[in-house]
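S.K.: Here's my sequence, what's the structure:
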Amino acid sequence: MFTRRAQLDLFAPYDLPLVNIAAVCDCRDFVAPAKRAGLPPFALLLHGIGRASLEVEEFRWRLEGGEPVRIDALTMSYTMVGADGHLTFSTFAFDADRETFLARYLEDREAARAAAAGDLRLQPLQGRGYLFTTCLPWLRFTQIQHPVAKAADCSIPSVAVGQFDQAGGRVSFPLAVQAHHGLVDGIHVARYMARLSEIMDETAAVLAGDGWC
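M.R.: A predicted model of the protein is given here:
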């Protein structure tokens, strides 16, 4: 049940009813064991980002026709570097199972690498169950502002990941979350980041164990 009608009504008249928060996430090092296992660290983090988005209730809500709707499934949409060295996009359905998710990620990555220069690989939105993600592995950014379409309702969250820093068996990285303030408050962003850190701790523990599960 939607419980934020007062907050949604408060921010509805705003031109940009957004909350933007950037902070440093810290967790057990999943990067080194992922590389040893031949797995892309960003793919594992992207899986964690998707999980956290479904496990923190406030991040399940979107607006459709100005009214709140709760999503049951998630579509990951994230930026990539295209064949011409410029921005392109990847989109595929999230799956809580890591192996299934990784298979979809790797399949789409190969398709992206085979795409022609200048192909943005854009797909029309199908419903509201998206999560927009971008990775800037070259920067330890402290803030970020995502583009917002003039007619957009801003209710699909955007998550940005920055450069990894590995030290003492830990990894830290900047994480920025942009969401509709009528749906999400700062405390929910904090819970989201905390849950992501827990998920990545779990991922690192699995990688350090006897097998992948």
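
S.K.: Where do the strands of this protein begin and end?
M.R.: With DSSP state E as the criterion, the chain has strands at 18-28, 61-64, 67-70, 75-81, 87-93, 130-135, 158-161, 165-167, 170-180.

S.K.: So which of those strands is nearest residue 198?
M.R.: strand 18-28 (7.8 Å; Cβ to Cβ). Glycine gets a C-beta too; all of them are placed from N, C-alpha and C.

S.K.: what about the helices in the chain?
M.R.: Ranges of helices in the chain, per DSSP state H, are 5-11, 31-36, 41-55, 98-114, 186-208.

S.K.: Serialize the ones you listed to TSV and add fields for mean pLDDT, mean neighbour count and distance to residue 139.
M.R.: TSV is the format used below for the helices of the chain (pLDDT from 0 to 100; neighbours: other Cβ atoms under 10 Å; distance: least, Cβ to Cβ, whole Å):
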stretch	mean pLDDT	mean neighbour count	distance to residue 139
helix 5-11	97	13	30
helix 31-36	96	16	16
helix 41-55	98	22	14
helix 98-114	92	14	21
helix 186-208	97	18	18
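
S.K.: Export the ones you listed as JSON lines, with columns for distance to residue 19.
M.R.: Output for those, formatted as JSON lines (distance: least, Cβ to Cβ, whole Å):
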{"stretch": "helix 5-11", "distance to residue 19": "9"}
{"stretch": "helix 31-36", "distance to residue 19": "29"}
{"stretch": "helix 41-55", "distance to residue 19": "15"}
{"stretch": "helix 98-114", "distance to residue 19": "28"}
{"stretch": "helix 186-208", "distance to residue 19": "6"}
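
S.K.: and among the strands of the chain, the most buried is which?
M.R.: strand 158-161 (a mean of 24; mean count of other Cβ atoms under 10 Å).

S.K.: Can you list the helices and strands that it packs against?
M.R.: helix 41-55, strand 130-135, strand 170-180 (3 or more Cβ pairs under 8 Å, 6 or more residues apart in numbering; DSSP states H and E).

S.K.: residues in contact with the closest residue to residue 47 other than its chain neighbours?
M.R.: Among residues not flanking residue 47 along the chain, residue 101 sits closest, at 4.8 Å (Cβ to Cβ, 6 or more residues apart in numbering). Applying Cβ atoms under 8 Å, 6 or more residues apart in numbering, we find residue 101 in contact with 43, 47, 50, 94-95.

S.K.: How about residue 197?
M.R.: By Cβ under 8 Å, 6+ apart, the neighbours of residue 197 are 25-27.
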